[in-house]
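>>> sequence first, then the predicted structure:
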Amino acid sequence: MTKKTKYKMKKRYQLEIVLMIIIIIFMIPIYITENSSSKEKIIKEEKNISKEELISNILSYNILETVNKEFLEWISKEYSISVLEKLNNSLKQSQYNSQIWHNLTNNSLIVLQDQYNKISNDKTKRISSQNQSEITISFVGDISLADNWYIMPKYDERNKKIYGILSEDVVNIMTSSDIMVANNEFTISNRGTKIPNKLYTFKASPERLTIYKEMGVDLVTLANNHIYDYGEEAFLDALDALEEYDIPYIGAGRNLEEAKQPYYFIINGYKIGFVNATRAEKFILTKEATETNGGVLKCYDPTTFIQVIEDTKRHSDYVIALVHWGREDSSELEQVQIDTAKQYIDAGADVIVGSHAHTLQGIDFYKEKAIIYNLGDFIFNNETKDTGIFQVKINQDGTLQYYFKPCKESEEYTYLLTEEEQKRVLAKMSSLSPNVMIKEDGIFYKRENTSLTEN
């Protein structure tokens, strides 16, 4: 082959490449336009599906028995047919999860079905969050407003209302919480007689309950070893007084059915159920609720409390179980706390919060669920003790974050600790919680691959 022939072939080859590039450049916009038109056509076709077809498609996926034709019809009327369209698309693309209901309507499926079924009762409270992006639930340990104990005499003597026993920054945390929960460690009555053979008995006049309003308390737990200190008469007065002062309570009642009842809050489109039981006494003096008599809900045998948690989980997005347990004045856990905490989480509890030990105990996780074994005293006596405020934050996407804010109780006064003292208490909590990472700002989470309670 001559040099001239080779040159011509090379030129021809280069020309072909140039022509091919020109053709590709010319075809790209056509392809994009056609592809875009195709997608638009598919979207248009999806939008042209009738409501009946959408409902039929959704039902074919068998999401839940409660997601039926009538419910989906109601969704399309109360919200819009676009909710059904987006739900249908998520199912077709295998992207469905229960959070999609909240994403599309700002209400969970549980809340939507309550609305559809017109379910409401006096054990449910709907509140508006101060922060639309998250819900803050705060918990404190043992509280005594008893007139015959240490705190109330100082409250009266100092004449500063709540600021005589709590610092301003602590009160701000409590009152700014969306839901504030406290352990009510006393009975409430102007009547009654001390239970025989009981060393410590606590009783407050009903008027003291206004202090809960000063503290921003939204719910109190009664399943403990002091609500029955002055017998049945005072116990029943306590229930009446709490109802009169519009302070919801859990863990006790005029009979077993009432003592088992959860209390629900609906906030930011999520429904949160709270339940409470006790196994605190070595010598059992506090009356247990029965089918016909008043008392507290007990969990020495956890069977009934497990059933309560299971029932509550069926009707709520989150279940918070509050348990009165543990060895008094000891940071060492009893094995029964570890064992039954697992059972309660297996039953559906999302968070477990303990009280009774009068001192801080550790934190752990089981199946990614937080267990705060004991928050200790909050405003209870004249001793000097570390304590704190535990917070759960529920984000808009349904995920949970956990915080512990260290405080101190000293001379009948509880206050938020300074930075250095906070570090000391957080280090103490870390030493009690080997499976948990606690940061300097108090946020905590499970350490990876270290949880003993998973075994």
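Noted; the coordinates are in hand.

>>> how close does residue 267 sit to residue 344?
Residue 267 is 23 Å from residue 344, where distance means CB to CB, to the nearest Å. To be clear about C-beta, it is placed using only N, CA and C from the backbone, and glycine gets the same treatment.

>>> who has more neighbours, these two?
In this view residue 267 and residue 344 are compared by other CB atoms under 10 Å, and residue 344 has more residues nearby, 26 against 20.

>>> residues in contact with that one?
302, 305-306, 309, 321, 323, 352 (CB atoms under 8 Å, 6 or more residues apart in numbering).

>>> ok, and it, which helix or strand is that part of?
Using DSSP states H and E, the element containing residue 344 is helix 335-347.

>>> just the C-alphas of that helix, formatted as PDB.
C-alpha atoms of helix 335-347 as PDB (Å, rounded to 0.1, in the frame of the first residue of the first chain):
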ATOM      1  CA  GLN A 335     -30.800  -8.400  88.000                       C
ATOM      2  CA  VAL A 336     -34.600  -8.200  87.900                       C
ATOM      3  CA  GLN A 337     -34.300  -4.700  86.500                       C
ATOM      4  CA  ILE A 338     -32.100  -5.800  83.600                       C
ATOM      5  CA  ASP A 339     -34.200  -8.900  82.900                       C
ATOM      6  CA  THR A 340     -37.700  -7.300  83.000                       C
ATOM      7  CA  ALA A 341     -36.500  -4.200  81.100                       C
ATOM      8  CA  LYS A 342     -35.800  -6.500  78.200                       C
ATOM      9  CA  GLN A 343     -39.300  -8.100  78.500                       C
ATOM     10  CA  TYR A 344     -40.900  -4.600  78.500                       C
ATOM     11  CA  ILE A 345     -39.000  -3.600  75.400                       C
ATOM     12  CA  ASP A 346     -39.900  -6.900  73.700                       C
ATOM     13  CA  ALA A 347     -43.500  -6.200  74.600                       C
END
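
>>> what about the nearest residue to residue 416 once chain neighbours are set aside, how many residues nearby?
Counting by CB to CB, 6 or more residues apart in numbering, residue 416 lies nearest to residue 169, which is 4.5 Å off, once chain neighbours are set aside. For residue 169, the neighbour count with other CB under 10 Å is 12.

>>> okay, buried residues for the helix or strand encompassing residue 169 please.
Counting by DSSP H and E, the element that carries residue 169 is helix 168-176. Neighbour-count burial for helix 168-176, counted by 16 or more other CB atoms under 10 Å, picks out 170-171, 173-174.

>>> redo those residues as CSV? Include distance to residue 386 and pLDDT.
Shown next, in CSV, are those (distance: CB to CB, whole Å; pLDDT from 0 to 100):
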residue, distance to residue 386, pLDDT
170, 14, 98
171, 19, 98
173, 16, 98
174, 18, 98
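
>>> show me which pair in those residues is furthest apart.
The distance between the two most remote of the buried residues of helix 168-176 (CB to CB) is 7.4 Å, for 171 and 173.

>>> turn the buried residues of helix 168-176 into JSON lines, including distance to residue 284.
Below are the buried residues of helix 168-176 laid out as JSON lines (distance: CB to CB, whole Å):
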{"residue": "170", "distance to residue 284": "34"}
{"residue": "171", "distance to residue 284": "36"}
{"residue": "173", "distance to residue 284": "35"}
{"residue": "174", "distance to residue 284": "32"}
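
>>> can you tell me which of those residues comes closest to residue 185?
Using CB to CB, the buried residues of helix 168-176 come closest to residue 185 at residue 174, 16.8 Å.

>>> how about that closest one: what's its closest non-neighbour residue?
The spatial neighbour of residue 174 that comes closest, neighbours along the chain excluded (CB to CB, 6+ apart), is residue 216 at 4.5 Å.

>>> sorry, back to before: now the helix holding residue 344: buried residues?
Neighbour-count burial for helix 335-347 flags 337, 340-345, 347 (criterion: 16+ other CB under 10 Å).

>>> can you lay out the residues you listed as JSON lines showing pLDDT and distance to residue 241?
Output for these, formatted as JSON lines (pLDDT from 0 to 100; distance: CB to CB, whole Å):
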{"residue": "337", "pLDDT": "98", "distance to residue 241": "31"}
{"residue": "340", "pLDDT": "98", "distance to residue 241": "31"}
{"residue": "341", "pLDDT": "98", "distance to residue 241": "32"}
{"residue": "342", "pLDDT": "98", "distance to residue 241": "36"}
{"residue": "343", "pLDDT": "98", "distance to residue 241": "34"}
{"residue": "344", "pLDDT": "99", "distance to residue 241": "30"}
{"residue": "345", "pLDDT": "98", "distance to residue 241": "34"}
{"residue": "347", "pLDDT": "98", "distance to residue 241": "32"}
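
>>> distance to residue 151 added to these, as a markdown table?
Formatted as a markdown table, the buried residues of helix 335-347 follow (distance: CB to CB, whole Å):
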| residue | distance to residue 151 |
| --- | --- |
| 337 | 27 |
| 340 | 31 |
| 341 | 30 |
| 342 | 35 |
| 343 | 35 |
| 344 | 31 |
| 345 | 34 |
| 347 | 35 |
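
>>> pLDDT score assigned to residue 131?
As predicted, residue 131 sits at a pLDDT of 84.

>>> can you report how many residues lie near it?
Other residues near residue 131 come to 12 when the count uses other CB under 10 Å.

>>> any idea how far it is from residue 177?
From residue 131 across to residue 177, the span is 10 Å (CB to CB).

>>> again, but for residue 147
For residue 147, the distance to residue 177 - CB to CB - is 27 Å.

>>> quick one, which of the two is more surrounded?
residue 177 (22 against 18).

>>> ok, now which ones touch that one?
Applying CB under 8 Å, 6+ apart, we find residue 177 in contact with 136-138, 216, 391.

>>> quick check: the two most widely separated of the residues you listed?
216 and 391 (13.2 Å).

>>> tell me which strands the helix or strand hosting residue 370 pairs with, and in which orientation.
Element membership for residue 370 (DSSP H and E) is strand 369-372. Strand 369-372 has its sheet partners listed here by DSSP bridges as strand 351-355 (parallel), strand 363-366 (antiparallel).

>>> pick the most buried one from those strands.
Mean neighbours per residue, mean count of other CB atoms under 10 Å, is largest over the strands paired with strand 369-372 for strand 351-355, with a mean of 26.

>>> thought residue 425 was touching residue 406?
Yes - using CB atoms under 8 Å, residue 425 makes contact with residue 406 at a distance of 3.7 Å.

>>> overlap in contacts, the two.
Common contacts of residue 425 and residue 406 (CB under 8 Å, 6+ apart): 386, 388, 417.
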